[in-house]
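Engineer: sequence below, structure please.
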Amino acid sequence: MLNPLVRPATPDDAAAIARVHTETWKSTYAGAIPDDVLAQFTDQARRETYWRDQLIREAQSGETRTWAALDAAGNVSGLVAAGPAQRTPDYPEAALLYAGEVYAVYVHPRAQGQGLGSALMRSAAAELRARGLAGLLVWCLESNIHARGFYERLGGQFITRRDANLAGALLPEVGYGWVEFRE
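Structural biologist: Residues are numbered from 1 along each chain as shown. Sure, this is the predicted structure:
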C-alpha cells in the first residue's frame with residue numbers, strides 16, 4: 001500500500017480502534033507480560049469505552065490527538081495518538097528536544113507490513129510540527145522487539161530505559177526520540 005489514508009478518528013471509530021488495540025496487544029504481548037495485565041489491556045468492552053470517551057473529548061475540544069489509518073478495503077486497521085510530551089524522561093533536556101509525543105501507535109496484526117505504521121508516524125509528526133511541537137518521543141515495552149526495530153528503522157534514537165507501572169506491574173520500557181522526524 002503506497003499511500004494509506006490517515007484521517008482524524010471520530011467517536012464512531014471507537015469499536016474499530018478498540019479492536020486494533022486489543023488484537024495488537026494480544027499478538028504482541030501474550031506470554032511476554034503478566035496475564036492479568038494483558039487481560040486489562042485486551043478487554044474489548046473496556047477498550048471501546050476508553051476510546052469512545054477519548055474520541056468524544058477530542059471532538060468536544062476540537063483538538064485531534066487520535067488518527068485512524070484505513071486499509072485498502074477502507075477498514076480502520078491502525079491508529080496513532082499523539083500530542084504534547086507527557087512522559088518525558090527525568091532529565092531537563094527532554095523538554096527542549098522532544099516537545100511532541102506519540103502516546104500509542106498500533107497496526108492490526110493482519111495489516112502490518114503494508115506501510116500503515118509508517119504513514120501513521122509521518123502523520124503524527126507532521127501534525128505535531130504544525131502545532132509547534134518540535135521533536136518526537138515514543139515509549140514501548142523493552143520486550144517489544146518488533147516495535148523497537150520499527151522505531152529504529154524510522155530513525156528513532158534510543159534515549160533511555162525505565163520501569164513503567166502498567167496495571168500494577170513494573171515493566172521495563174524504552175524511549176526513542178527524533179529531534180526532527182524524517183523517513
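
Engineer: please make it C-alpha for all contacts and neighbour counts, starting now.
Structural biologist: Fine.

Engineer: just the strands in the protein please.
Structural biologist: Along the chain, counting by DSSP state E, strands occupy 5-8, 66-70, 76-84, 100-107, 136-141, 157-166, 169-178.

Engineer: pipe those strands into CSV and attach distance to residue 41, mean pLDDT and mean neighbour count per row.
Structural biologist: Output for the strands of the chain, formatted as CSV (distance: least, Cα to Cα, whole Å; pLDDT from 0 to 100; neighbours: other Cα atoms under 10 Å):
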stretch, distance to residue 41, mean pLDDT, mean neighbour count
strand 5-8, 23, 93, 18
strand 66-70, 18, 95, 24
strand 76-84, 16, 95, 24
strand 100-107, 13, 95, 23
strand 136-141, 14, 94, 24
strand 157-166, 9, 89, 15
strand 169-178, 13, 92, 18
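
Engineer: low pLDDT regions in this structure?
Structural biologist: Applying pLDDT under 70 to the chain picks out residues 1-3, 89-92, 183.

Engineer: need the longest helix for it.
Structural biologist: In the chain, taking DSSP state H as the definition, the longest helix is helix 44-61.

Engineer: give me every residue that touches residue 24.
Structural biologist: Residue 24 is in contact with 106, 107, 108, 109, counting by Cα atoms under 8 Å, 6 or more residues apart in numbering.

Engineer: measure the third one to residue 145 for me?
Structural biologist: Going back to what we said before, that points to residue 108. Residue 108 sits 17 Å away from residue 145, taking Cα to Cα, to the nearest Å as the criterion.

Engineer: between the longest helix of the chain and strand 66-70, how big is the angle?
Structural biologist: For helix 44-61 against strand 66-70, the angle by axes from the mean of the first three to the mean of the last three Cα atoms, to 10 degrees is 120 degrees.

Engineer: packing partners for helix 44-61?
Structural biologist: Counting contacts by 3 or more Cα pairs under 8 Å, 6 or more residues apart in numbering; DSSP states H and E, helix 44-61 packs against helix 14-29.

Engineer: got the CA positions of the helix it packs on in PDB?
Structural biologist: Taking C-alpha atoms only, helix 14-29 is exported to PDB below (Å, rounded to 0.1, in the frame of the first residue of the first chain):
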ATOM      1  CA  ALA A  14     -14.200   3.600  18.800                       C
ATOM      2  CA  ALA A  15     -15.100  -0.100  18.200                       C
ATOM      3  CA  ALA A  16     -12.700  -0.500  15.300                       C
ATOM      4  CA  ILE A  17      -9.900   1.300  17.100                       C
ATOM      5  CA  ALA A  18     -10.500  -0.800  20.200                       C
ATOM      6  CA  ARG A  19     -10.300  -4.000  18.100                       C
ATOM      7  CA  VAL A  20      -7.000  -2.800  16.600                       C
ATOM      8  CA  HIS A  21      -5.700  -2.000  20.100                       C
ATOM      9  CA  THR A  22      -6.800  -5.300  21.700                       C
ATOM     10  CA  GLU A  23      -5.700  -7.600  18.800                       C
ATOM     11  CA  THR A  24      -2.300  -5.900  18.600                       C
ATOM     12  CA  TRP A  25      -1.800  -6.300  22.300                       C
ATOM     13  CA  LYS A  26      -2.800 -10.000  22.200                       C
ATOM     14  CA  SER A  27      -0.500 -10.700  19.300                       C
ATOM     15  CA  THR A  28       2.400  -8.700  20.700                       C
ATOM     16  CA  TYR A  29       2.400  -9.400  24.400                       C
END
